[in-house]
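# Coordinates for the following, if possible.
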Amino acid sequence: MPVRMIGIVVGLVGVCFLAFYLVVRLLFMGQLDAAVADANVHSIEEILANLSLPVLIWLIWAYSFRVGMLLAVIGGAVHGGMGKRGLWLLAAGGVGYLATCYLPFVDYSPRYYGILGTAILVLFLLLVRDWARRRSC
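Modelled structure (predicted):
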C-alpha cells in the first residue's frame, strides 16, 4: 500500500472518530449522561466493575474527539509527505498530550500544567525557528 494511501486511511479513521463524537454529542448525550449517572461511576475501578454498553460508549465518546484530531493530523502529515523524524515527533507529542490530559496519575496542579504549557510554547517556538531556517535556504 503506498504511503499516501496509508495517510488517507489514517486520516479517514480520524474523521470517523470526529463524526462519532459529533453524532453522540448532538443526538444521544442526554441518554448517555443519565446512564452514566445511574451507573454511579467515579473512578477507573468503578467503571471497570460496572461496565455496560452506555458506559463503554461514553468512554469512547470522551476520548474520540482528541484521538480523532490526532489521527487526522497524522494522516494529513503522512499524506503530505512529512519526514519520518517529524512524524515520530508528531505522534509522540500527540500520545504524550493524551497521556498527560487523560490519565489520572496527577491531581490538579498549577505547577504541572504550567510546565506543560511552557513545554508547548517552547516546542512551538522551536518549530517556527526550524520553519524559518528551512525557508531561508
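
# list the buried ones in the helix or strand bottoming out on mean pLDDT in the chain?
Using mean pLDDT, DSSP states H and E, helix 44-49 stands out as the lowest-scoring helix or strand of the chain, at a mean of 78. Residues of helix 44-49 classed as buried by neighbour count (16 or more other C-beta atoms under 10 Å): Ile47. C-beta: built from backbone N, CA, C; applies to glycine.

# next one: stretch 88-98
Neighbour-count burial for stretch 88-98 [16+ other C-beta under 10 Å]: Leu90, Gly94.

# For that stretch, give me every contacting residue.
Here stretch 88-98 makes contact (C-beta atoms under 8 Å, 6 or more residues apart in numbering) with Tyr63, Arg66, Val67, Leu70, Val73, Ile74, Ala77, Met82, Leu123.

# And stretch 118-133, by the same measure?
By C-beta under 8 Å, 6+ apart, stretch 118-133 touches Gly93.

# again, only this time at 10 Å
Residues outside stretch 118-133 that contact it (C-beta atoms under 10 Å, 6 or more residues apart in numbering) are Gly86, Leu89, Gly93, Gly96, Tyr97, Thr100.

# In those residues, find the pair that's most separated.
Largest separation among these by C-beta to C-beta: Gly86 and Thr100, giving 20.9 Å.

# Which one's more surrounded, these two?
Thr100 (15 against 12; other C-beta atoms under 10 Å).

# That one - nearest residue in space that isn't next to it in sequence?
Leu116 (6.1 Å; C-beta to C-beta, 6 or more residues apart in numbering).

# How confident is the prediction for the one you found, by pLDDT?
At Leu116, the pLDDT value in this model is 79.

# Phe124 too?
At Phe124, pLDDT is 84.

# On the three-state scheme, Val73 is what?
What DSSP: H, G, I helix; E, B strand; the rest coil gives for Val73 is helix.
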